[in-house]
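> quick check, what structure comes out for this input:
(3 chains)
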Amino acid sequence: MSLLRGKTTMAVLASDFYERDTRQVAQELLGKLLVRRTREGVTAGRIVEAEAYLHERDSACHAARGRTPSNAAMFGPAGRAYVYPIHSQYCFNTVTEQRGRPCAVLIRAVEPLEGIALMQQRRGRTWLTELARGPARLCQAFAIDRQLDHWDLTRGRRLWIVDGIVDSAEWTIGNSARIGVTSAKYLPLRYYVVGSPYVSGPRQME
DNA sequence: CTACCGATTGACT
DNA sequence: GTCAATCGGTAGA
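Have a look, this model is predicted:
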């Protein structure tokens, strides 16, 4: 508790933040603080990369082929977590919109700010850029697994997201196709902080 | 029940 | 740049 001076419980994002256009939420999540508290301690970091998955005309969205036991969180209230496994790893999403619209924002990368030793321990890596760059690495560093599927992110417990921590220093939001998807691969639904070394994926052109 | 596959990562050429 | 490991979820026989 040094850099953030106990601000990790202030200004927890409420459900009305998430109950909006998914692309808007994805862009506005950049710069917000992701906070995780376990018995081991607190880890927190600034979100620098996110992708939108839409309820319409988006075959890459897990909800595109209907509701299943595994993707049910996407159909639930906005402001919940949707955590799913892939290749023996996990990815973390925030559920958005609703009114019967299953969609979500995948958090792809975080700039570590607090609990760095804990992240290093969980990841088995030292370099800051290796701790939470990439959706599954992020889940390792923050100890996010399927137990947090459906978790309510608006209550400020265990796992939540905070506004107003990082000064509104100017940064540019980059936009590109999403990484790793094999369908709807040309939709420009990935957003990232241009120039951040904590962003995953191929080198950015500036 | 079996078969296929992926919103990944880490190691390697 | 390429590629294999790895396993839960899903569809299909």
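> verify the stated contact: A:Glu130 with A:Gly124.
No. With contact defined as Cβ atoms under 8 Å, A:Glu130 does not count as touching A:Gly124 (9.5 Å). Yep, even glycine has a C-beta here, placed from its N, CA and C like the rest.
> which of these two has more residues huddled nearby?
Taking other Cβ atoms under 10 Å, A:Glu130 and A:Gly124 do not tie; A:Glu130 has more neighbours (17 against 8).
> so what's that one up against?
With contact taken as Cβ atoms under 8 Å, 6 or more residues apart in numbering, A:Glu130 is in contact with A:123, A:137.
> and the one 5 residues further on, by the same measure?
With contacts taken as Cβ under 8 Å, 6+ apart, A:Pro135 has the following neighbours: A:89, A:91-92, A:106-109, A:200.
> just name the closest of the residues you listed to A:Ala73, please.
Distance ranking of the contacts of A:Pro135 against A:Ala73, using Cβ to Cβ, places A:Phe92 first at 11.0 Å.
> pLDDT below threshold where in chain A?
In the predicted model of chain A, residues A:1-3, A:5-6, A:9, A:165-169, A:203-206 satisfy pLDDT under 70.
> re the thing from before, format the contacts of A:Pro135 as JSON lines; extra columns: neighbour count and distance to DNA strand B.
Formatted as JSON lines, the entries for the contacts of A:Pro135 read as follows, by neighbours: other Cβ atoms under 10 Å; distance: Cβ to the nearest atom of the strand, whole Å:
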{"residue": "A:Gln89", "neighbour count": "14", "distance to DNA strand B": "5"}
{"residue": "A:Cys91", "neighbour count": "21", "distance to DNA strand B": "5"}
{"residue": "A:Phe92", "neighbour count": "27", "distance to DNA strand B": "8"}
{"residue": "A:Leu106", "neighbour count": "23", "distance to DNA strand B": "3"}
{"residue": "A:Ile107", "neighbour count": "27", "distance to DNA strand B": "9"}
{"residue": "A:Arg108", "neighbour count": "28", "distance to DNA strand B": "7"}
{"residue": "A:Ala109", "neighbour count": "25", "distance to DNA strand B": "8"}
{"residue": "A:Ser200", "neighbour count": "19", "distance to DNA strand B": "6"}
